[in-house]
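Novice: This is a predicted model, with the sequence first.
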Protein chains: 2
Amino acid sequence: MSSDSSSGTEQKIVEAAKKVFLEKGFDGARMQHIADEAGINKASLHYYYRSKERLFDKIFADAFMEFLPKIGRIMNSNIDFFDKIKAIVEHYINILSHNPHLPVFVLYELNRRPEKLLEMLKTTGVEPQQLKIIIDREVAAGRIFEIDFVNLIVNILSLCIFPFVGKPIIKGFIMQND
Amino acid sequence: MSSDSSSGTEQKIVEAAKKVFLEKGFDGARMQHIADEAGINKASLHYYYRSKERLFDKIFADAFMEFLPKIGRIMNSNIDFFDKIKAIVEHYINILSHNPHLPVFVLYELNRRPEKLLEMLKTTGVEPQQLKIIIDREVAAGRIFEIDFVNLIVNILSLCIFPFVGKPIIKGFIMQND
DNA sequence: ATATGGTTTGACTTAATGGTTATACTTTAT
DNA sequence: ATAAAGTATAACCATTAAGTCAAACCATAT
């Protein structure tokens, strides 16, 4: 049945692909390896996802989704978002502690093909225009430097790593509490 | 002349390899591409560096070197290193603004082959033992969580990204000045 | 001039990998 | 029971990329 796509082979493929892609990246990942990991034949991979690229895009979009929605909230909180960051940190910690490779993976792949960023923004429903406006406002106010748009997005994503990896240090030296 | 290794072909190879590897990563990089970038024949690459792996190791060690020495200083500053971080930030900003891909590259490749970390530590002259002791002290004092050693190193490296990408935000909201 | 050592190259080999296809196996509907 | 649709697989194909090699190309010293 094509309607039952949330279990069985397809589910196993997604899980296997996520694991392998996050561990090895697009270029390092092997379709055969993903097939083995899913316990199926390599041809089945192409049966469900026509190409490596398509399979990757699905996994990447999923991974990307775990970042940007939060970013959007931060950006919309009218600059005074330091408190919001604190509030969202816990959420990120949960996601990232379950997926240690996630942040570097996303940043790296975003680096590899910057042109996919806009596509991802579209896919994940985040409005670049909205971000652009907010960013321009910040730049005009002199609160942030004027830098390349794509670069800024990447930087913002990088920023999201920090609450995770730096939490112990933040706790100890900046906030003095949670 | 084998004594003149700081200019000419070898120099061009290193520059080209650094550019390509940092942009594409080990798996994404192509020896042919590096050769083209350096304006030489692919066979010359193997004449100077026997294999892709060896060439990569040289570039990776170089890239790695730009991180850890600073880390070592931070680790040795007896926990009260927040001020030291501030002092070192400028140094990092200089390095990273000239090599935007550097941090993600190092983290990603470290992720890809965690076993190379110790080798790198040795190559770059950083004493893991020393770090281990310091880390243990921190854990015992409850100032940081007990986590996998390799993981911690990676996390510390990640932390180094933050001063760079997050500088505008840090300036605006945490420090209020430079 | 020419022999010598280091350097450069085009052409080649080999292995790996993404993708295809023809065939076989399952399930479901009638 | 059986036809049809969907799913899985082994064998195969085409391409790409790392690595090799013998021949050519310098310089420099004699």
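Specialist: Great, that's in hand. Numbers count the residues shown, from 1 in each chain, chains lettered A, B, ... in the order given.
Novice: C-alpha from now on. contacts and neighbour counts both.
Specialist: Noted.
Novice: Contact residues of chain A facing DNA strand C?
Specialist: For chain A, the residues in contact with DNA strand C (C-alpha under 7 Å from any atom of the strand) are A:1, A:27, A:29-32, A:42-43, A:46, A:50-53.
Novice: Restrict these to the buried ones and give me that as a PyMOL selection.
Specialist: The command below creates a PyMOL selection of those among the residues of chain A next to DNA strand C that count as buried (16 or more other C-alpha atoms under 10 Å in any protein chain shown):
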select buried, chain A and resi 29+30+31+42
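Novice: so where do the helices sit in chain A?
Specialist: A:9-28, A:31-38, A:42-48, A:52-65, A:68-76, A:82-98, A:102-112, A:116-123, A:128-140, A:149-165, A:167-169 (DSSP state H).
Novice: mind giving me the domain split of chain A?
Specialist: Here the domain assignment for chain A is A:9-56, A:66-175, based on automatic domain parsing.
Novice: Out of those domains, which gets the lowest mean score?
Specialist: Within these, the least confident segment by mean pLDDT turns out to be domain A:66-175, at a mean of 59.
Novice: DNA strand D contacts on chain A?
Specialist: Remark: the part of chain A in contact with DNA strand D comprises A:1, A:2, A:8, A:9, A:40, A:41, A:42, A:43, A:44, A:47, using C-alpha under 7 Å from any atom of the strand.
Novice: Restricted to buried residues, select those in PyMOL.
Specialist: Only the buried entries of the residues of chain A next to DNA strand D go into this PyMOL selection, using 16+ other C-alpha under 10 Å:
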select buried, chain A and resi 9+42
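Novice: Let me know the closest of the residues of chain A next to DNA strand D to residue B:111.
Specialist: Sorting the residues of chain A next to DNA strand D by distance to residue B:111 puts residue A:42 at the head of the list, at 25.8 Å, by C-alpha to C-alpha.
Novice: Count residues in the vicinity of the closest residue in space to that closest one that isn't next to it in sequence, would you?
Specialist: Nearest residue to residue A:42, sequence neighbours excluded (C-alpha to C-alpha, 6 or more residues apart in numbering or on different chains): residue A:35, at 5.1 Å. The number of residues packed around residue A:35, counting by other C-alpha atoms under 10 Å in any protein chain shown, is 19.
Novice: wait, what's in contact with residue A:22?
Specialist: A:101, A:102, A:105 (C-alpha atoms under 8 Å, 6 or more residues apart in numbering or on different chains).
Novice: So residue A:16 sits against residue A:32, correct?
Specialist: No: in this structure, residue A:16 is not within contact of residue A:32 by C-alpha atoms under 8 Å, at 10.9 Å.
Novice: Farthest-apart pair in the residues of chain A next to DNA strand D, please.
Specialist: Maximum pairwise distance among the residues of chain A next to DNA strand D (C-alpha to C-alpha): 20.7 Å, between A:1 and A:42.
Novice: if we can go back for a sec, wait, which of the residues of chain A next to DNA strand D is closest to chain B?
Specialist: Out of the residues of chain A next to DNA strand D, the one with the shortest distance to chain B is residue A:42. That distance is 21.0 Å, counting by C-alpha to the nearest C-alpha.
Novice: Go ahead and name everything in contact with stretch A:24-34.
Specialist: With contacts defined as C-alpha under 8 Å, 6+ apart, stretch A:24-34 is touched by A:13, A:16-17, A:20-21, A:41-42, A:45, A:52, A:56, A:105, A:109, B:27-28, B:112.
Novice: can you do 7 Å?
Specialist: Around stretch A:24-34, the neighbours that count as contacts under C-alpha atoms under 7 Å, 6 or more residues apart in numbering or on different chains are A:16, A:17, A:20, A:21, A:42, A:52, A:105, B:27, B:28, B:112.
Novice: Most neighbours among these, which one?
Specialist: Ranked by neighbour count under the definition other C-alpha under 10 Å, the contacts of stretch A:24-34 are headed by residue A:17 with 26 neighbours.
Novice: Please work out how many residues are found near the nearest residue to that residue once chain neighbours are set aside.
Specialist: The spatially closest residue to residue A:17, leaving aside those adjacent along the chain, is residue A:34, at 5.5 Å (C-alpha to C-alpha, 6+ apart). Residue A:34: 24 surrounding residues under other C-alpha under 10 Å.
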